[in-house]
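In: Take this sequence and fold it.
(4 chains)
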Amino acid sequence: MTPATASERIGRTREQMAERLAQDIADGSYVNLGIGIPELVAKYVPVGREVVYHTENGLLGMGPSPAEGSEDPELINAGKRHVTVNPGGSFFHHADSFAMIRGGHIDLCVLGALQIAANGDLANWSTGAPDAIPAVGGAMDLVAGVKKVFAITQHTTKTGEPKLVPACTYPLTGLGVIDRVYTDLAVIDITPDGFRLVELSPGVEFGYVQERTGAPLLQP
Amino acid sequence: MTPATASERIGRTREQMAERLAQDIADGSYVNLGIGIPELVAKYVPVGREVVYHTENGLLGMGPSPAEGSEDPELINAGKRHVTVNPGGSFFHHADSFAMIRGGHIDLCVLGALQIAANGDLANWSTGAPDAIPAVGGAMDLVAGVKKVFAITQHTTKTGEPKLVPACTYPLTGLGVIDRVYTDLAVIDITPDGFRLVELSPGVEFGYVQERTGAPLLQP
Amino acid sequence: MIDKRVGSPSEAVADVFDGATIMVGGFGEAGSPVELIHALIDQGATDLTVVSNNTGSGEVGLAALLKAGRVSKVVCSFPRTANSTVFPELYRAGKTKLELVPQGTLAERIRAGGAGIPAFYTATAVGTPLAEGKEQRTFDGREFILEHGLRADFALVKAKSADTHGNTIYNKTARNFGPPMAMASNVAIVQAEQIVEPGGIDPEIVVSPGIFIDRVVEVASPVHESELVAAGATYP
Amino acid sequence: MIDKRVGSPSEAVADVFDGATIMVGGFGEAGSPVELIHALIDQGATDLTVVSNNTGSGEVGLAALLKAGRVSKVVCSFPRTANSTVFPELYRAGKTKLELVPQGTLAERIRAGGAGIPAFYTATAVGTPLAEGKEQRTFDGREFILEHGLRADFALVKAKSADTHGNTIYNKTARNFGPPMAMASNVAIVQAEQIVEPGGIDPEIVVSPGIFIDRVVEVASPVHESELVAAGATYP
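Out: Next up is the predicted model:
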């Protein structure tokens, strides 16, 4: 075990996490990327793979940010940022958009996480703080409906607490919904037996990850 | 009472029944006309009133039959007859079309009837004959969803049996769904107290109609 | 690269298996995917459950599939129309079962199947024989029955144009059941009069977004079912 | 003659009554009917229940309606966004109640309200705090909760173009909640950049058929909410 000091950089950066996840997106997939780190994933999809991005506010075939000066306030993504439309895109209303989600038509969604339990439960919308303004957006719909759900998150909180836990203590987003977790330290599958390591980030040792994981981490 | 002989013409013709009903369609209504006598109604809407016709196979703003030679096999009505589109028309799919019906957006539908009960129950899709091929189409959706439902029908069957009955003996289309009935002999409302005469057809006497009605007919 | 084109109707239906549930678009002849149905007859899959508003007319298209003995059950709102004799004979002979569904309930069950809704309540058919055996429940003083979402293994849909991503637009009242059926099937197959490159259809006017469509096949000049029937044609 | 035009946003919202439920289109600023909302502020109706995905930003549009104290409850999926301070303050002060609904459940409840579906089952939110108190039921081995259709007295919707029959088309992702909200309200009011005669919109590309729309009002150059917010504007 190699405990890191606070100043020591170990594991992947946010960009590297996104790049690693992007390798696992199949050609031809329909993908919904959440706000934050998930948004970075689009940059790293390997050349030669075509991915169609869905944004739940009514667009399939979302393209990259527009050039400065050509933003359209009525062409935005779920994070309310300006986007563009790729050839082959389509617009639709919210009920149709969530029919795509709820109906299992989206192949993959990538979401951030506050906590992920060993059984795949996800908490990512609320810390349950009493004076917080509750806001859920489309997270619960996405995790309930999309075929495969990847979480991308730092392995621990800013204060060093595990985000991969035996059971979530924050309010849940969904039950048993996460398939795989990409962190700065490792890629981890949710299996019927709990967390199972897929691979360690370069330079990271198993014990280091287990120490920072709140539940047993099975060997690959 | 003036019993008619078989050869004697009394009351309204089919065209006159349609013409009478058309007087009761308000300007600006959204109307669905069933197959048969109901289809005749469109011809008689009084000048100055604009009515938008809905056909459940996906068209609002249905216009009259096309000129011979300009029929389009993909532009038909619920009776599978060739139609046209009026300016201001729109096409939509079946789920949206029946959202209009079920959601109470259509102001009026006009349907044929096998039997109408004094409480407004309607039977119009099956005589329950054991070897008949059951077929219901959109009738049950229309009577359940449309704001106002008019029936237009001969007062009696070809063999002289009343079609307005104390209770339907044929399989029902809907419970308590009919608002008003237009027959060759009279216009009759369904009220909480049962059948109530609105008006007699020209030359027809009350007793003549009561005799041919299977349940008490209240005076206007 | 996404390219959902297949070379022919035969190729498009090659993997339909015995016992499959197939949604077939169309209301009367409008939107009936005759070329795909004929390819399915050639292909040979049998013991099919067909979900379709009608049962075809004459002895071409859907009626020919029935006539060929490939359909064990139809889910349908109106199985008899002018020139429709095949299904009535099969039904009376007990060879094809019928699940009769009100047209709007059929459309909504299909839409629900595509939208991840396992069941919903509707007032349609309350108090009628088609409500028998169904759960009834009161909301705000009115009676409703529970209806279930409907899904299929394949959908056969006729359209006007599609792009290689599967984005589809329709022609007039031939749209009918196509969009909800495409949503509700595992493999949605569209025959279109033309197939264009991505960008060839304005994103604002797409009716079936490509995510719902799995295969597109060009049938540039589809037959008119009513003309075939009038000419007394049969298939094969 | 059918002519659903009204002369001004003020005229369009003149009959909104105290205690009304109002659906307000928009996702962020895209599709937010700012001119109609401002007219509603001027009009004075209060004790409103607002159904909308967000709660506005800055102190214009929906946020200004809230700030004016007219809204007793919001039904919403995401009531906090960048530059959104009005609702959080009202909520913390107990002045405005919140019914938090997952975004897709909100969209589907509205669509159900418009389609005559009193209730449906969805897997969304099962096992979460937002399922508390809701009926849970198993279909095919999976758990679902019962959600109810949602209707409103009025809908305020922003569009690109409409004709005098109410047929409406939208602009890009400003479409969002407009079409289902128009279906689910007793009086659907559309502000459009242009209003054309019947026939001015191709029947194949109509998004909201006129049957769902009650009033159309031309707002040729709608304000951009984000620009107003950036400029620190307030309303009135």
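In: tell me the helices in the chain, going along the chain?
Out: In the absence of a named chain, chain A is used. For chain A, the helices defined by DSSP state H occupy A:14-22, A:37-40, A:94-102, A:139-145, A:206-211.
In: Sorry, I should have been clearer: chain C.
Out: So, for chain C - with DSSP H - the helices run C:9-12, C:34-43, C:61-67, C:86-92, C:103-115, C:178-184, C:225-230.
In: These: which one's closest to chain A?
Out: Nearest to chain A, of all the helices of chain C, is helix C:103-115, at 3.6 Å by C-beta to the nearest C-beta. Every C-beta, even on glycine, is put in place using the N, C-alpha and C of the backbone.
In: Which strands or helices does the closest one pack on?
Out: helix A:94-102, helix B:94-102, helix B:139-145, strand C:119-122, strand C:142-148, helix C:178-184 (3 or more C-beta pairs under 8 Å, 6 or more residues apart in numbering or on different chains; DSSP states H and E).
In: okay, the shortest one in CSV with CA atoms only?
Out: Spelled out, that is strand C:119-122. The C-alpha coordinates for strand C:119-122 follow below in CSV (Å, rounded to 0.1, in the frame of the first residue of the first chain):
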residue,chain,number,x,y,z
ALA,C,119,-49.6,-0.2,-18.0
PHE,C,120,-52.0,2.7,-18.0
TYR,C,121,-55.6,3.4,-17.3
THR,C,122,-58.2,4.4,-19.9
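In: how about it against chain D, any contact?
Out: Yes: Strand C:119-122 is in contact with chain D by C-beta under 8 Å from any C-beta of the partner chain, via C:A119, C:F120, C:Y121, C:T122.
In: Over to the first one?
Out: Yes: taking C-beta under 8 Å from any C-beta as the criterion, helix A:94-102 and chain D are in contact, through A:H94, A:A95, A:S97, A:F98, A:A99, A:I101, A:R102.
In: Make CSV from the helices of chain C and add mean neighbour count to it.
Out: Shown next, in CSV, are these (neighbours: other C-beta atoms under 10 Å in any protein chain shown):
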stretch, mean neighbour count
helix C:9-12, 20
helix C:34-43, 22
helix C:61-67, 26
helix C:86-92, 19
helix C:103-115, 29
helix C:178-184, 30
helix C:225-230, 18
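In: Turn the helices and strands packed on helix C:103-115 into TSV, columns for mean pLDDT.
Out: Putting the helices and strands packed on helix C:103-115 into TSV (pLDDT from 0 to 100) gives the following:
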stretch	mean pLDDT
helix A:94-102	98
helix B:94-102	98
helix B:139-145	98
strand C:119-122	98
strand C:142-148	98
helix C:178-184	98
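In: Any chance of CSV for the ones you listed, columns distance to A:K163?
Out: As requested, the helices and strands packed on helix C:103-115 are arranged in CSV below (distance: least, C-beta to C-beta, whole Å):
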stretch, distance to A:K163
helix A:94-102, 24
helix B:94-102, 41
helix B:139-145, 50
strand C:119-122, 36
strand C:142-148, 39
helix C:178-184, 36
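In: Ok, which of these comes nearest A:T156?
Out: Of all these, helix A:94-102 sits nearest to A:T156, with 29.9 Å by C-beta to C-beta.
In: other SSEs contacting the closest one?
Out: Contacts defined by 3+ C-beta pairs under 8 Å, 6+ apart place helix A:94-102 against strand A:52-55, helix A:139-145, helix C:103-115, helix D:103-115, helix D:178-184.
In: hmm, who's touching the last one?
Out: Contacts with helix D:178-184, where a contact means C-beta atoms under 8 Å, 6 or more residues apart in numbering or on different chains, come from A:93-95, B:99, B:103, B:105, D:23-25, D:31, D:51, D:107, D:110-111, D:113-115, D:149-152, D:155, D:157-159, D:168, D:170, D:188, D:190, D:207-208, D:212-213.
In: Can you list the neighbours in contact with stretch A:85-93?
Out: So stretch A:85-93 is contacted by A:52, A:58-63, A:75, C:2, C:163-165, C:167, C:197-199, C:203-204, C:206, C:209-210, D:107, D:170, D:172-173, D:175-180, D:207 (C-beta under 8 Å, 6+ apart).
In: Next, the buried residues of it.
Out: A:V85, A:N86, A:G88, A:G89, A:S90, A:F91, A:F92, A:H93 (16 or more other C-beta atoms under 10 Å in any protein chain shown).
In: what does stretch A:143-153 give?
Out: A:V143, A:A144, A:G145, A:V146, A:K148, A:V149, A:F150, A:A151, A:I152, A:T153.
In: and chain D, which of these contact it?
Out: Answer for the buried residues of stretch A:143-153 near chain D (C-beta under 8 Å from any C-beta): A:A144, A:G145.
In: Between the buried residues of stretch A:143-153, which sits nearest D:E218?
Out: Closest to D:E218, out of all of these and judged by C-beta to C-beta, is A:G145, at 38.6 Å.
In: is any part of stretch A:42-54 close to chain C?
Out: Yes: Stretch A:42-54 reaches chain C (C-beta under 8 Å from any C-beta) through A:G48, A:E50, A:V52, A:H54.
In: Among the residues you listed, find me the one that's closest to C:Y235.
Out: Using C-beta to C-beta, the residues of stretch A:42-54 next to chain C come closest to C:Y235 at A:V52, 37.0 Å.
In: quick one, what contacts the closest one?
Out: Contacts of A:V52 (C-beta under 8 Å, 6+ apart): A:G28, A:S29, A:Y30, A:V31, A:L60, A:G61, A:N86, A:G88, C:I2, C:H165, C:G210, C:I211.
In: could you flag which of these are buried?
Out: Burial by neighbour count, judged by 16+ other C-beta under 10 Å, picks out A:S29, A:Y30, A:V31, A:L60, A:G61, A:N86, A:G88, C:I2, C:H165, C:G210, C:I211 from the contacts of A:V52.
In: quick one: the closest residue to the fifth one other than its chain neighbours from A:G69, how far?
Out: So the one you mean is A:G61. The shortest distance from A:G61 to any non-neighbouring residue, by C-beta to C-beta, 6 or more residues apart in numbering or on different chains, is to A:G89 (2.8 Å). Applying C-beta to C-beta, to the nearest Å, the value for A:G89 to A:G69 is 21 Å.
In: Repeat that for C:G28.
Out: 52 Å.
In: one step back: nearest to C:S10, of the helices and strands packed on helix A:94-102?
Out: helix C:103-115 (25.9 Å).
In: any idea how far A:H82 is from the residue of chain A most remote from its centre?
Out: Most distant residue from the mean C-alpha position of chain A: A:G69, 30.1 Å away (C-alpha atoms, centre = their mean). Separation of A:G69 from A:H82 (C-beta to C-beta) stands at 11 Å.
In: and if you look at A:G137?
Out: Going from A:G137 to A:H82 by C-beta to C-beta gives 19 Å.
In: Could you check which of these two is surrounded by more residues?
Out: The neighbour comparison of A:G137 against A:H82 (other C-beta atoms under 10 Å in any protein chain shown) goes to A:G137, with 22 against 15.
In: Now the more buried one. Nearest residue, chain neighbours left out?
Out: A:G137 sits nearest to D:F78 (C-beta to C-beta, 6+ apart), 4.4 Å away.
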